[in-house]
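Asker: make a model of this:
(chains A and B)
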Protein chains: 2
Amino acid sequence: MIPENVQITNDLSKALDKFFLDQQYSKIAVLVDENTETHCLSILSDLLPDHWLIKIISGEENKNLTTCEQIWDALTKAEFDRKSLLINLGGGVIGDMGGFCAATFKRGMDFINIPTTLLSQVDASVGGKLGIDFNGLKNHIGVFQDPKLVIVASQFLNTLSQRELRSGFAEVLKHALIADKKYWKVLTANDFESQDWQQHINHSIGVKSGIVKNDPFEQGQRKLLNFGHTIGHAVETVHLGLERERLLHGEAIAIGMICEGFISTKKAGLDTNELLEMVQYLKLTYGLTKIGKDKFERILVLCQQDKKNLANVINCTLLKRIGEGIVNMPISTGEVLDAIFYYNQLSDK
Amino acid sequence: MIPENVQITNDLSKALDKFFLDQQYSKIAVLVDENTETHCLSILSDLLPDHWLIKIISGEENKNLTTCEQIWDALTKAEFDRKSLLINLGGGVIGDMGGFCAATFKRGMDFINIPTTLLSQVDASVGGKLGIDFNGLKNHIGVFQDPKLVIVASQFLNTLSQRELRSGFAEVLKHALIADKKYWKVLTANDFESQDWQQHINHSIGVKSGIVKNDPFEQGQRKLLNFGHTIGHAVETVHLGLERERLLHGEAIAIGMICEGFISTKKAGLDTNELLEMVQYLKLTYGLTKIGKDKFERILVLCQQDKKNLANVINCTLLKRIGEGIVNMPISTGEVLDAIFYYNQLSDK
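Answerer: Residues are numbered from 1 along each chain as shown, chains lettered A, B, ... in the order given. The predicted structure is shown next:
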């Protein structure tokens, strides 16, 4: 089931024409970073009415209040009002942060998201999570609000590097792992180079929106989508700003899924053979990145920050089996540490 | 009609007990400024379960992102989560900014507002407008969200200076001017020193909530509440940071109501005698503050920023008569200037 505000299309022009037919906006701006300005803007800009351009610097490390201030300032100087529109053209950072800025500008103006990465097409396109990082904590400040429209247009996938495409693939794999064993088999029947992205985008958005619809504010089942993310987010965060060791989001989530898969065998009944099946495919696709001991402590602290409820207890989403996740499983920092050791020793084999 | 989440009471203890009976919060914090810490906290703190204290510096000039960062930082360090509660104890600045911080912390935690000024009891207590100033523009960044509970407790009025009480009275007068001529007569039958605040609080909240209920996101009739605020906000803003000439919100709104009343006689059919009746009572209550010529230009620019739609057109709320406002009236910067001249010459008489 695809949400009403999401259009998956290979005809961007038609989708936009249809949208603007019913809408009267006082002003329109497109938010880009230097990458989407170079690779994606030319695809979009001729299809739009007159518009302003707001450009920010790419990267998770700029998903912060300082960049929000730049965006709010640009909207203010161009005299945008509540009847104006912001179009967020880019990956998850642009969509999350541009959405947050629009949702809070004069207490809310409309925005559309046009996700340009596989990751943002299958993940950030659904669920209304908007926000920014704060003091190094991911998505710490934000709101829930759906974009007026999300256009998932296949032509933008051609603008991606293989590494970026592979990063997005991690969320596709996650959606199968938490909810659809058959689809896991479909995905892993081929290696990364031979995947049918159109089919996967439809499947992934369907899985995610099915979960979100029943729990929009993440009180319960929506936490299924956090599989791989408790440890994965922490691993991603400690690698931020390290030029050489930089990890893309999906690469960190792949690590997180192996670690949380390992914990699942201890705490949630995941069969060891299924863990090995996961490890094998994730290793083949993403390789293995040894996590330095100097990072352990910060990873543990970050895991606790993420969803901490009680001292030394982290609420985590685990797998009972491939295709079935389980939320609110309490794990200890010791178990996180064991899982990182398990992950690290995989590369010794 | 009083909204469900608003409790007007003279028994704060009972209202809190009733609330906490159904609620389980992981942590609780009270947000105060140096004034409410001194004058109000002792009334509240014994009635609460264990809680943290977050203290900020009072004043509209601190209703900004820097103070939000302090609040978010304090919540983060105390390891608050989505199941925690923030209690905003103070005037409009505390309620608007504390509410905004809570509504965006980890994408939303609960908050209760306990307004301690007459102004915030009759105005900020209803309508879900949260936000902060940005680059000198009032309430430029924010969201709409209702507090879980608003407790309007009469005992806090005893903590106010006469000047603060008089500032809140401006919103009480405004609610009568836009919607209830009979109540205007009730109010103006007595001078400021002899008013029945309990009765007025009930009336004002009733008027405001009736308007807000039909137009929560300010698409139309809610703009009635902006009467006096287009010019009043601008006048307030240009006096910010000027120690000697400092104007309280209601004092600026009183000026705004005279100016916009004057424009109403030109553009909306307000009878000149009714304008004089307004001027007389407002002058008696607030005196007159001559607005310096050096401030004119900034006031005009700010009026345009506030609700600008087209070049040199400002959308303003005016009065057709006392007790009946009209929204979306286009006025020019020239008309604003004439109104300020009219206001200034009142003190020459």
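Asker: which parts of the stretch 1-150 of chain A are strands?
Answerer: A:6-9, A:28-33, A:52-56, A:85-90, A:110-115, A:129-134, A:137-144, A:149-153 (DSSP state E, counting those that start in this stretch).
Asker: which of the ones you listed sits most buried?
Answerer: For the strands of the stretch 1-150 of chain A, ranked by mean neighbour count under the definition mean count of other CB atoms under 10 Å in any protein chain shown, the leader is strand A:85-90 at a mean of 28. Any C-beta I mention is one placed from the backbone N, CA and C, and that applies to glycine too.
Asker: neighbouring contacts of it?
Answerer: Contact partners of strand A:85-90, identified using CB atoms under 8 Å, 6 or more residues apart in numbering or on different chains, comprise A:23, A:25, A:27-33, A:35-36, A:40-41, A:44, A:48, A:51, A:54, A:58, A:75, A:80, A:94-95, A:98-99, A:101-102, A:105, A:109-117, A:120, A:147-148.
Asker: please apply the same query to stretch A:275-286.
Answerer: For stretch A:275-286, the external contacting residues (CB under 8 Å, 6+ apart) are A:166, A:169-170, A:173, A:177, A:188, A:191-192, A:250-251, A:254-255, A:257-258, A:261-262, A:264-265, A:322, A:346.
Asker: buried residues in it?
Answerer: For stretch A:275-286, the neighbour count (16 or more other CB atoms under 10 Å in any protein chain shown) marks A:275, A:277-279, A:281-282, A:285-286 as buried.
Asker: isn't residue A:175 right up against residue A:208?
Answerer: Yes - Residue A:175 is in contact with residue A:208 according to CB atoms under 8 Å; the separation is 6.2 Å.
Asker: hang on, residue A:327 is in a strand, isn't it?
Answerer: Yes - counting by DSSP: H, G, I helix; E, B strand; the rest coil, residue A:327 is part of a strand.
Asker: would you turn the strands of the stretch 1-150 of chain A into CSV with mean pLDDT?
Answerer: Shown next, in CSV, are these (pLDDT from 0 to 100):
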stretch, mean pLDDT
strand A:6-9, 95
strand A:28-33, 98
strand A:52-56, 98
strand A:85-90, 98
strand A:110-115, 97
strand A:129-134, 95
strand A:137-144, 92
strand A:149-153, 96
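Asker: which element is residue A:237 on?
Answerer: helix A:229-239 (DSSP states H and E).
Asker: dump the very next helix or strand once past that helix to CSV, keeping only the CA atoms.
Answerer: Later in the chain than helix A:229-239, the nearest helix or strand by DSSP H and E is helix A:249-267. C-alpha atoms of helix A:249-267 as CSV (Å, rounded to 0.1, in the frame of the first residue of the first chain):
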residue,chain,number,x,y,z
HIS,A,249,24.2,5.7,6.3
GLY,A,250,23.4,2.3,4.7
GLU,A,251,27.0,1.1,5.3
ALA,A,252,26.6,1.8,9.0
ILE,A,253,23.2,0.2,9.1
ALA,A,254,24.6,-3.0,7.5
ILE,A,255,27.0,-3.1,10.4
GLY,A,256,24.2,-2.4,12.8
MET,A,257,22.1,-5.2,11.3
ILE,A,258,24.9,-7.8,11.7
CYS,A,259,25.4,-6.6,15.4
GLU,A,260,21.7,-6.6,16.2
GLY,A,261,21.3,-9.9,14.3
PHE,A,262,23.9,-11.4,16.6
ILE,A,263,22.1,-10.1,19.7
SER,A,264,18.9,-11.5,18.2
THR,A,265,20.3,-15.0,18.4
LYS,A,266,21.0,-14.5,22.1
LYS,A,267,17.8,-12.6,23.1
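Asker: thinking again about what came up before, give me the subset of the buried residues of stretch A:275-286 lying in helices.
Answerer: If you go by DSSP state H, the buried residues of stretch A:275-286 have A:275, A:277-279, A:281-282, A:285-286 in helices.
Asker: follow-up on the earlier one: give me the common contacts of residue A:175 and residue A:208.
Answerer: By CB under 8 Å, 6+ apart, residue A:175 and residue A:208 have these common neighbours: residue A:122.
Asker: now do the contacts for the residue nearest to residue A:236 when sequence neighbours are not counted.
Answerer: Of all residues not flanking residue A:236 in the chain, residue A:252 sits nearest, at 3.5 Å (CB to CB, 6 or more residues apart in numbering or on different chains). Contact analysis of residue A:252 by CB under 8 Å, 6+ apart lists A:232-233, A:235-236, A:239.
Asker: kindly recompute the last result at 7 Å.
Answerer: Residues near residue A:252 by CB atoms under 7 Å, 6 or more residues apart in numbering or on different chains: A:232, A:235-236.
Asker: rewinding a little: and of the strands of the stretch 1-150 of chain A, who's closest to residue B:132?
Answerer: Residue B:132 lies closest to strand A:137-144 among the strands of the stretch 1-150 of chain A, at 12.6 Å (CB to CB).
Asker: quick one: contacts of that closest one?
Answerer: By CB under 7 Å, 6+ apart, strand A:137-144 touches A:100, A:103, A:128-134, A:216-217, A:233, A:237, A:305, B:72, B:76, B:103-108, B:143.
Asker: that one vs strand B:137-144, what angle?
Answerer: Counting by axes from the mean of the first three to the mean of the last three CA atoms, to 10 degrees, strand A:137-144 lies at 80 degrees to strand B:137-144.
Asker: got the angle between strand A:137-144 and helix A:249-267?
Answerer: Counting by the same axes, to 10 degrees, strand A:137-144 points 100 degrees away from the direction of helix A:249-267.
Asker: ok now strand A:137-144, how far from the chain's centre?
Answerer: Distance, stretch centre to chain centre, for strand A:137-144: 13 Å (CA atoms, centre = their mean, to the nearest Å).
Asker: stretch A:91-110 now?
Answerer: 16 Å.
Asker: pull out the buried positions in it.
Answerer: In stretch A:91-110, counting by 16+ other CB under 10 Å, buried: A:91-110.
Asker: the residues you listed in helices, which ones?
Answerer: Using DSSP H, the members of those that fall in helices are A:92-104.
Asker: mind picking the two most distant members of those?
Answerer: Of all pairs drawn from those, the greatest distance, 18.2 Å, lies between A:92 and A:104 (CB to CB).
Asker: re earlier: format the buried residues of stretch A:275-286 as CSV; extra columns: pLDDT.
Answerer: Formatted as CSV, these follow (pLDDT from 0 to 100):
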residue, pLDDT
A:275, 98
A:277, 98
A:278, 98
A:279, 98
A:281, 98
A:282, 98
A:285, 97
A:286, 97
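Asker: what's stretch A:158-177 in contact with?
Answerer: If you take CB under 7 Å, 6+ apart as the criterion, stretch A:158-177 is touched by A:39-40, A:116-119, A:122-123, A:157, A:183-184, A:187, A:192, A:200, A:204, A:207-208, A:227-228, A:248-251, A:253-254, A:257, A:285, A:319, A:322.
Asker: could I have the buried ones of the residues you listed as ChimeraX selection syntax?
Answerer: Applying 16+ other CB under 10 Å to the contacts of stretch A:158-177 leaves a buried subset, and the ChimeraX line that selects it is:
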select /A:40,116,117,118,119,122,123,157,183,184,187,200,204,207,208,227,228,248,249,250,251,253,254,257,285,319,322
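Asker: mind checking which helix or strand of chain A has the lowest mean pLDDT?
Answerer: strand A:308-310 (a mean of 50; mean pLDDT, DSSP states H and E).
Asker: so which bits of the stretch 51-200 of chain A are right by chain B?
Answerer: Counting by CB under 7 Å from any CB of the partner chain, the stretch 51-200 of chain A comes close to chain B at A:65, A:72-73, A:76, A:79, A:81, A:103-108, A:129, A:131, A:134-135, A:137, A:140-144.
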